[in-house]
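K.L.:
Using only what follows, build the 3D model:
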Amino acid sequence: METLLIKFPEEALGLGAIAAMANVALFDLRVYHAVEHRETYAWLPATVDVAALQSMLSAKHPRASLIRLWLTTEVVGHSSGQTAPWFYMVETDVRPDAEAEFDQWYGTEHLPGLATVPGTVRARRYVAQTGSPRHYACYDLAQREAFGSPAWLAVRATPWSDRVRPNFMSTKRTMFRLVQDTKEA
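P.N.:
As a prediction, this is how the structure comes out:
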């Protein structure tokens, strides 16, 4: 399944502004503000007119980027059904000679393991169709404390994780909070 991600660097836009710009209904949109810096990420359905949206972004938000992502894995989390006001994302590239092991590790150990952590609502993995970073791991969290909890750290501290992680390149890890108010900016 394809989805679109708009990255607004150093900007904080609200739900209403992004929905109007992308010409989508509010319920089709998920907007997140970074917790530790000024950055906004908006997730949109792939049914959006990409050419029109790209043109509008170029005119109104020239520093924003539009990325087409393909969902490769989705795992229901331990806390499925709870609201998820927190969103943790890892963006990375991987050394080409390590891609196969990276994919196997993410699919069989890492993503399913983090999904079992109390507080994790859902875990997903996407691959960008073009550009860099290519890999996106996303975790919807019911409580921010799930990230960094003993259960979370145990999943990250496996021998396989220790072997795979050095192959990451240009990695960015960000904690976001869900924007729920259409007036929030």
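K.L.:
List the buried residues of the least confident helix or strand in the chain by mean pLDDT.
P.N.:
Using mean pLDDT, DSSP states H and E, helix 15-22 stands out as the lowest-scoring helix or strand of the chain, at a mean of 82. Buried residues in helix 15-22, defined by neighbour count with 16 or more other Cβ atoms under 10 Å: 15-19, 21-22. All C-beta spots, glycine's among them, are computed from the backbone N, C-alpha and C.
K.L.:
Ok, stretch 170-181 next?
P.N.:
Under the neighbour-count criterion of 16+ other Cβ under 10 Å, stretch 170-181 has 174-176, 178-179 buried.
K.L.:
What are the contacting residues of that stretch?
P.N.:
Stretch 170-181 has contacts (Cβ atoms under 8 Å, 6 or more residues apart in numbering) with 14-15, 30-36, 39-41, 84-93, 132-133, 144, 147.
K.L.:
now the helices: where do they sit in the protein?
P.N.:
15-22, 50-60, 99-105, 111-115, 150-156, 159-164 (DSSP state H).
K.L.:
lowest-confidence stretch among those?
P.N.:
Mean pLDDT is lowest for helix 15-22 among those, at a mean of 82.
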